[in-house]
Every structure is written in C-alpha cells, then in structure tokens.
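Asker: attaching a predicted model along with its sequence, questions to come.
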Amino acid sequence: WDTFAHRPATPPGAAPPGPVGGDVASDSYNNLFRDVEGLRRLGVSHYRFSLSWARLLPNGTAPPNPAGLAHYGPVLPRLFRDYAELCFRHFGGQVRYWLTMDNPYVVAWHGYGTGRLPPGVRGGPRLGYLAAHHLLQAHAKVWHLYNDHFRPAQKGKVSIALSSHWIKPQRMTEKNIQECQKSLDFVLGWFAKPIFIDGDYPESMRGNLSSLLPEFSEAEKKYIKGTADFFALSFGATLSFQLLDSHMKFQQLESISLRQLLYWINSEYNKPQIFIVENSWFVSGTTKKDDAKYIYYLKKFIMETLKAIRYDGVNVFGYTVWSLLDGFEWHRGYSIRRGLFYVDFQSHDKKLMPKSSVLFYQKLIEKNGFPPLPENQPIEGFFPCGFAWGIVDNYIQVDTTPAQFLDSSVYVWDVHQTKKLIKVDGVYAPKRKRHCVDFAAIRLQISLLQEMHVTHFHFSLKWSLILPLGNLSLINHTLVHYYQCFASELLRVNITPVVALWQPMIENQELPVSLAKYGAWENTETVQAFVEYARFCFTSLGDHVKFWITMNEPSVKNLTYIAGHNLLKAHAKVWHLYDKEFRRSQKGKISIALQADWVEPACPFSRNDQEVAARILEFDIGWLAEPIFGNGDYPEVMRAWLHRINGADLYNFHLPYFSEDEKKLIQGSFDFFALSHYTTTLVGSEKEDAVKYDHYLEVQMINDITWLHSPSRAAVVPWGLRKLLNWVKSKYGNVPIYVMANGIDDDQNMVHDKLRVYYIQNYINEALKAYTLDGVNLQGYFVYSFNDKTAPKYGLYSYIANQYEPKPSLKHYREIIDNNGFPGPETPELLCPEEVASCPECRFFRTRKSLLAFISFIFVAFIVTIFFITYYSKKVERRY
C-alpha cells in the first residue's frame, strides 16, 4: 500500500485536499497515548489493529526495523510463517485473538486479478484464484504453528478476517435464490468453505470455473480444514457496493442486511462462533463533528446483530466498529471518513475531535445494547369524556345521480310478452321535491361510518365545484344539497360533521379556475372571494355543521411568502365573519388545520442539529401558527434567517409585514389548534447527501434506517406525536388541540394490515401520554383515512371490485374507541355523565330513530284500527 498509493495513477477520489497516501494518515505512530485515551473514553472491551509486515521488515526478511519493533513491541523477522511466529512469540502474552489476514478476497481478486488494489497486478481470474490458493495455504500454516507451539501456553485463538456482502433475489424464484447462493459462494464461500467445512472450494465454483480454479491435494484439504477457532467477519463499506464486481452479483440485488448474512453463515458453516471484527459505514470527507449518517448505520448494524443473537440463535460473541480514528481509507483515500474521532489531517499534531458517534457508541457500550426506555413503554388509561373520535376523508364520494323512483314518467308492465316495463308516452306523474334519501351513495357511506363507532367525521368541501366561477353568479345547488343531506344524515346517526372550507389539491390547488389562473393566493382578490364563499357555506350548511375548518393542511412547501401572507388574512377574516354573524345562532366553533410533522435533531447531542431542528419547526409550522396562536406576526427565527440570506435575492426571500390592524385581526383567530401529523423527520447541520440537502435552510435530511417504514418510506415514529403536542403546548399555551389526521399507507396485497394496526395503537397511546402525563389539552383524534377508494392504500376500508371491506385496523380502532383508550386491570373505570344514566342498548336505539318512528307509527295505527273495529262492532250490535 505504501508504494501503491504513491503511483501517479491514483484511484479516482483518493486524494482530496490533504495528505497523499498512508505514510502518515492519522499518525498513530507518534500519538500512542492520544489513541489510548480515545479508547478509554469509549469504554470498549477490545481494540483491533494490524501489524505492518512491510514496516516491521522493510526487506521482507531480516534485519528488522528497530523503530517499527519499538512501536509494536520486539519482533523477530522471517517470511510470513517466521514473521507470524515471532509475532506470536513477542505479542502472544498480550493478544487474545489473532487474525492471520484481513480480507483475502480483496487481496486476491483486486490485488492480483483486476489490479485495482496493491500490488496492482492485472493477472486476470487465473492469477487471482492462484493467489487465493496460496493465501489459504499460508493461513493454514500460521494456524497450525500457533496450535502446535503457542496455544497451550498463551491460550489465545486464531482465525482469518473474511469480508462479505449480502445479496437478495430480484424475484423469489428458485433460480434467483440459487444465483444468490452462488454469489455468496464466490466471495465468502471461496475462503470460508475450505476452512470451516471440508478443505475445498464450493461446488458452485468448481462447476463454473473448471480449470481456472487450482486443486488441493487430499493432504492439503485436511491441513486447511478447521484452521479457525472462530468465524471472523468483516461487513460494511469496504466491500459492499464498492469492491464487489457486478458479475459477482449474478444479476441479483446487493443489500446491507447484516442480520441475514449472520443467519446464512450460521446455517452454512455449522453454527460457528462469530466475531464481527469490522463493521460500519462512512461519511463524506468534509464531515466534521456531527456524523449522523454514520450513527444511524451503526445503530442499524448493531441492532441487526442483536436480533440475530436474540431471535435467530446466532452465536455472535463480539462486535468491532471500524474505526477509532479517521485515516487513509485504502482505494478511497481521504475522500470519506470512517472514524469515531475526527482527525485534522492539516494540523501538525493531527488533532483529534470526538464526533457525535463517540457519544452514541459510548452510551451503547454502557447499556450493553438497547434497553427499553421508560418513556417509550405503553401506558393504560382513558381519554376525557366527550373526546372526539374521528375518521378523515379528504373529499367525500359525491354521487348526485337520482334514484329511479324520482322519474316522473309512467310505465306499464308487459306481463304477457316482453316481461319488461314499457314507458307510456305523454303521461307523467306529479313531481315531488328532492329528499336526502334519494342519494344512495350517502346511505352507504353513513352505514360504513356507523360500523366504526366514530363520533366525528372530517371532510372538505370542493370550492371549485360549489362556485365554479369563484363567485355567487353560478352556484352548484345540486352539490350544495348533497352536502346538506350528508351532514344531516351524519347528525341523524350521532356523528358530528367536521367540515373544511378549502383543502389544497394538485389541480389548481382546488381553487376555482378563474382564481387559480390569476395568481391564486398571491392575488388579494382571492382573499375576498374566500370570505364570500365562506359566508355562503355558513348560510347554507351552518344549521348542520358546528365544527368548521377554514383551511385544511395548506402546504407550506408550495407557498410563496406573499401567498402565505394572503392566506393568513383570508383565514382571519373568515374566522371573524363566523364569530360576528353566525356563532350566536349556529353555536359552532372554527379554526385552521395545519400539517405538523415532528422534526428531530439527527444528532441529539449536537447543539448545531438542535438549532437546525428548531429552525425547521418554525418554518414548517410556526410560519402559519405563530401569527394566529402567538403574537400576530411571523416567528422571529424566520425573520432573522431570511434577513441573513436576503442579500442573495430580496424579492424571493422577502417576508411581508403585517400592519398593526392586521396583527390584531389575525392574532387569536382560533377556537382550537387543529393539526395533521403523519411522521417524524431527522435533520442535521452537516452536508452529507446533496440530494437531501436544503441549501435554502442549510439543513440535511437524514433517515434512521432502523425505524419502521411504510411502503412509501414514511417513518413510523409514534413518540414524535407526543413531542409535537408538547411543543404546541409550550409555544401556545393550554389551547384545545385536535389531531385532525394521523395515518399510514399499506401494501394492498397484505391481508392483515399489521403496520397500520401497530401505527394506530402506538400513536394513540403516545397521544394518551401527552394528555395524562404531560397535561396537554387534547380534545380529539382522527385517523386518516376512511377508505381506499378516495385515499388509496390509506383507508380503513379496502375497496375492491366495487365492494368495501373492513381491514383489521378498523376493528382495532373501533375497540380503542369503545374503550375510550387503553383500560387495564388496575385502571379505575371512567364514568362519563352522559353514560351514567344510559345502558349498553341505548346506542342501538339512538342510531335507528327512523326505524323506531316507523314501528311506532305501525303500532299506533294498529291500536287505532282495533279501536275503530271494536267501536263499530258494538254500535252494530246495539242497532240490531
């Protein structure tokens, strides 16, 4: 490597600004005590490092390099066996575990086959396989040397560090599975099978390579077989997605699943003891302190190791992170960093700085794993009486097709010939007024909602359809009548309609075309048009709707600052309109519903990441929330940040100002805080991935790959909801809060939607913690969404072949609603006032008023008929 790294044709990306080659790198040679202090700080139980044969014996044989001997301890030289013998002799008293070689696959294939790595010999496959043959023989000699002469006294163990990838089939077919097996045989099995099974190469290699693969004699097979006291595994960025040639994948998909690899090794090689001697990922060479990407890969790998031990019965007895310090990363030079400690390569004394990963790994070692955190344990208890249990459908299914019996034509039945109805021309029955029962679509939706046992149903009106021209000159009365009927039918079955006046959609933002065409929310005329539209809706639907949302989930990602400014003024004007003209008579409540996903610092120990998370929360939520629920103006964090970057573009980055009158208008224009919450995002300050980096806000989006994710890659992070609710409380006081939408997508091919069951259970439980433990004034919770027809993959009802079918998650949600929370054996029973005097059967009667009325009518008619029959019978008798 010393020679190879100084060749003129340095591998691409191997030499960014900084040192060249590995001559000095992190300079551990001159900083022994610095490195030992780093190890002490971490609290590790072992430290893996390599001896440099080339530096101990510069000529390959004697005489040794005195300085090298002094650094590693006294060593006597000879060729590899002799070199190993003296290493055993001089270090054996202090070394418990020996690795004869590191990553022989890379040495043989890329050192002597492709020439990508030192010594850079492009000998092709034949020479690569021959080099591996010699490496296996050399390893076996060293193992036998230790076993015969040093083990009795030193009681150590010897193995060889084998590197591997993981591969998964493109499709689950027998052929693809066999190709995956072949891929692992050609990389890991090439060395593992001779050592751990029978002294010879895998059958798949023998069958495919014929004369290219050297032969072992029977004596050599016996000599090589069993020459490892444990299975030393190297897994991570050294080989995976880097040094694995594409043809070695056999047209299958490479993956970084350590757990599956451990399971395969356990099954393939007779359950060996496994020591993970190298594992981690990498960060950019420019990353300094906050290496969040590195942390979450480390977390994933260690979690997978623990799962392999706990759930799969794999005997893993040790784990080693690569590496203690940033250094020379072989073919990638200094373009990446893999150390727990940052090394300033430009400084004379190679200063160290602990990265965030040091704290992460240190705490993990202290806890010896991932013990359950008390705050993440589920709790038992009830939500308050009158808690709103709801379901969401962004836009209800509107079908205004009239039922058949509204046809005023007269028909006769041709019972003799065609057996069909024949229309009588020119004859019409008198027309009657439309009734809500005419809409069959409403009856079906109401019955599905009743099955859920929800108390509230949240949907949005379509402004673009109610007022197609954006004003009252053209009104879709049929649609308005449909909404009136839908709301009245909900009330009839004791379900409270929660209605949003506007919700943005992809097409024209769900605005009337005339408004969308001329600036949408950037045009102040849209503000007045929204007020007039709201007045019409309050007048037309206010008798049935007592729970209003002015705007549902306005997307700040797609809003300009001018548009957001006008949107806030429109909301405030509509709130004051309702407050002054409609509240007294209609007795309803009204507010705005904001999308509010939680943002967590990627490195919880990093002040920089904490500042970034706080900034994003203000831009994502505070932008619209602070003027309404706070001081009437935009968050100071936004103003300060935009002032900092305003030099670039005064227009695009300009945040408008409210007049004092506008501040008074907007501040306090709410009756409750409504929010939609779906997931949690991690953010960091260090630029790592250009695709996920926001240059405008200087924030790096990070993914914790250990989190559960939905098919659309939405992270399932229940505790994020509790943190969000507490953030709202800390920012805006004891305001009543409604979680207006909370849901996850599923795989429609799965019969049991286990992920959504888990999601609903745990998110609601976190909401209960916020209410009972944190004192958050939580008033309601709504699941998103009603059905797959209107929100594919999100529904509690599937929709297949024109049929609605309840998913298991619906039944689970209904059980939580019926219990009003999570009762336990020791949880005191919650008696709500309206339920004290009621009975279990009361719901049956409350939800079937029409049926009861009809039965009552029949009963009264029967009594009256009996009365008249009796009366006239007696009268006739007297007459006779």
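Answerer: Nice, thanks for sending it over. Numbering: from 1, shown residues only.

Asker: roughly how far apart are the spatially closest residue to residue 197 that is not a sequence neighbour and residue 262?
Answerer: With sequence-adjacent residues excluded and distances taken as Cβ to Cβ, 6 or more residues apart in numbering, residue 197 is closest to residue 269, at 6.6 Å. In this view, the C-beta of every residue, glycine as well, is placed from N, C-alpha and C. Using Cβ to Cβ, to the nearest Å, residue 269 is found at 11 Å from residue 262.

Asker: who has more neighbours out of those two?
Answerer: The neighbour comparison of residue 269 against residue 262 (other Cβ atoms under 10 Å) goes to residue 262, with 25 against 18.

Asker: how about the contacts made by the more buried one?
Answerer: For residue 262, the contacting residues are 233, 274, 304, 305, 308, 312, 314, 316, by Cβ atoms under 8 Å, 6 or more residues apart in numbering.

Asker: out of these, which sit inside helices?
Answerer: The helices, defined by DSSP state H, take in 304, 305, 308 from these.

Asker: now these: which count as buried?
Answerer: Buried by 16 or more other Cβ atoms under 10 Å: 304, 305, 308, out of the ones in helices among the contacts of residue 262.

Asker: where does this structure have low pLDDT?
Answerer: 8-19, 57, 60-73, 75-78, 402-406, 432, 647-653, 751, 834-851, 875-880 (pLDDT under 70).

Asker: quickly list what the most centrally placed residue in it is bridged to.
Answerer: The C-alpha lying nearest the average C-alpha coordinate of the chain belongs to residue 715 (Cα atoms, centre = their mean; 1.4 Å). Beta-bridge pairing for residue 715 (DSSP bridges): residue 709.

Asker: picking that back up, which of the buried ones among the ones in helices among the contacts of residue 262 sits closest to residue 601?
Answerer: The nearest member of these to residue 601, counting by Cβ to Cβ, is residue 304 at 24.2 Å.

Asker: what about the residue nearest to that closest one when sequence neighbours are not counted, distance to residue 314?
Answerer: Using Cβ to Cβ, 6+ apart and skipping residues adjacent in sequence, the residue nearest residue 304 is residue 259, 3.7 Å away. Separation of residue 259 from residue 314 (Cβ to Cβ): 8 Å.

Asker: overlap of the contact sets of these two?
Answerer: By Cβ under 8 Å, 6+ apart, the residues touching both residue 259 and residue 314 are residue 308.

Asker: domain-wise, how is the chain divided?
Answerer: 91-369, 388-822 (the TED database).

Asker: need the contact list for residue 545.
Answerer: Contact partners of residue 545, counting by Cβ under 8 Å, 6+ apart, are 487, 497, 499, 588.

Asker: which members of those residues are positioned in strands?
Answerer: Among these, the members found in strands (DSSP state E) are 497, 499.

Asker: helices of the stretch 651-800 of the chain, start to end?
Answerer: Assigned helices in the stretch 651-800 of the chain, in chain order: 660-666, 719-732, 754-772 (criterion: DSSP state H, counting those that start in this stretch).

Asker: please point out which parts of the shortest one sit buried.
Answerer: By neighbour count, and taking 16+ other Cβ under 10 Å as the criterion, the buried residues in helix 660-666 are 662, 665, 666.

Asker: re earlier: give the contact list for the residue nearest to the centre of the chain.
Answerer: Contacts of residue 715 by Cβ under 8 Å, 6+ apart are 679, 680, 681, 703, 704, 707, 708, 709.

Asker: hang on, the earlier thing: out of the contacts of residue 262, which comes closest to residue 437?
Answerer: residue 304 (58.3 Å).

Asker: my read is that that closest one contacts residue 257, right?
Answerer: Yes. Using Cβ atoms under 8 Å, residue 304 is in contact with residue 257, at 6.9 Å.

Asker: quick one: residue 275 and residue 229 touch, right?
Answerer: No. Here residue 275 lies out of contact with residue 229, judged by Cβ under 8 Å, at a distance of 9.6 Å.

Asker: what touches both of the two?
Answerer: In contact with both residue 275 and residue 229: residue 159, using Cβ under 8 Å, 6+ apart.

Asker: give me the more crowded residue out of the two.
Answerer: Using other Cβ under 10 Å as the criterion, residue 275 and residue 229 rank with residue 275 on top: 23 against 19.

Asker: how much space between that one and residue 227?
Answerer: With distances taken as Cβ to Cβ, residue 275 is found 16 Å from residue 227.

Asker: mind listing what the nearest residue to residue 97 once chain neighbours are set aside touches?
Answerer: Nearest residue to residue 97, sequence neighbours excluded (Cβ to Cβ, 6+ apart): residue 157, at 5.4 Å. Residues in contact with residue 157 (Cβ under 8 Å, 6+ apart) are 96, 97, 98, 229, 230.

Asker: phi, psi of residue 382?
Answerer: Here is the backbone geometry of residue 382 (degrees, to the nearest 10): phi -120, psi 150.

Asker: and for it, the neighbour number?
Answerer: Neighbours of residue 382 (other Cβ under 10 Å): 19.

Asker: what bridges to it?
Answerer: With DSSP bridges as the rule, residue 382 is bridged to residue 821.

Asker: now do the contacts for it.
Answerer: 819, 820, 821, 822, 823, 827, 830.

Asker: just to revisit the earlier point, and the gap between the residue nearest to the centre of the chain and residue 188?
Answerer: 32 Å.

Asker: same check on residue 866?
Answerer: Using Cβ to Cβ, residue 866 is found at 91 Å from residue 188.

Asker: more neighbours: which of these two?
Answerer: Each of residue 866 and residue 188 has its neighbours counted (other Cβ under 10 Å); residue 188 has more, 25 against 10.

Asker: got phi/psi on the more buried one?
Answerer: phi -90, psi -50.

Asker: partner residues bridging the residue lying closest to it once chain neighbours are set aside?
Answerer: What sits nearest to residue 188 in space, not counting adjacent residues and going by Cβ to Cβ, 6+ apart, is residue 164, at 3.9 Å. With DSSP bridges as the criterion, residue 164 is bridged to residue 235.

Asker: and residue 141, how far from residue 540?
Answerer: 92 Å.

Asker: hang on, I meant residue 390
Answerer: From residue 390 across to residue 540, the span is 23 Å (Cβ to Cβ).

Asker: same check, this time on residue 506
Answerer: 27 Å.

Asker: and residue 631, by the same measure?
Answerer: With Cβ to Cβ as the criterion, residue 631 and residue 540 are 35 Å apart.

Asker: which one's more surrounded, the two?
Answerer: residue 540 (17 against 12).

Asker: what's near enough to touch the more buried one?
Answerer: Here residue 540 is in contact with 480, 483, 484 (Cβ under 8 Å, 6+ apart).

Asker: please convert the domains of the chain to TSV, extending it with distance to residue 860.
Answerer: As requested, those are exported to TSV (distance: least, Cβ to Cβ, whole Å):
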stretch	distance to residue 860
domain 91-369	67
domain 388-822	22
